[in-house]
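Colleague: fold the stuff below for me.
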Amino acid sequence: MAGVSHGLVNFHFESKEKLLAETLLFMADEYRRNWQLALAKAPADPAQQLAALLAADFNTSICTPERLACWCSYWGEVQSRPIYQQQCSANDENYIDGLERLCAALVQDGNYAIDAVRAARVLRFTS
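Modeller: Down below sits the predicted model:
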């Protein structure tokens, strides 16, 4: 735990909703930086970039039981709390666009008869 009193947390964030929103923003930014760094370090080859992007989800600095529990809580709240969707939509769109571009490059390079957008969607929901 953070070692601060509930009163101090309530005073600083003003409400549970604001605390949850700030936590989400922090985690979303942390996640975005993680996958962007993985791509920056990967070779320019689309297959190696895709592998780096998918492996980034399992980076031990962001893939912890506590963070996974927090993400699961947010995903369960998205339908009833639109603020979460508003806060993360730009990050999600950037990730999905990058994933689709990598899949499109692989499909083109390998002359595969598959839909790159569909392949990206499958990878996004299984990684």
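
Colleague: check contacts around the residue most central in space within the chain.
Modeller: The residue lying closest to the centre of the chain (CA atoms, centre = their mean) is residue 31, at 4.9 Å. Contacts for residue 31 (CB atoms under 8 Å, 6 or more residues apart in numbering) come out as 62, 91. Every residue, glycine included, has its C-beta placed from N, CA and C.

Colleague: which stretch of helix or strand covers it?
Modeller: Assigned by DSSP states H and E, residue 31 belongs to helix 16-41.

Colleague: distance between that helix and the chain's centre?
Modeller: Averaging C-alpha positions (CA atoms, centre = their mean, to the nearest Å) puts helix 16-41 7 Å from its chain's average.

Colleague: now that helix: mean pLDDT?
Modeller: Helix 16-41 comes out with an average pLDDT of 88.

Colleague: repeat for stretch 95-114
Modeller: Rounded mean pLDDT across stretch 95-114 is 95.
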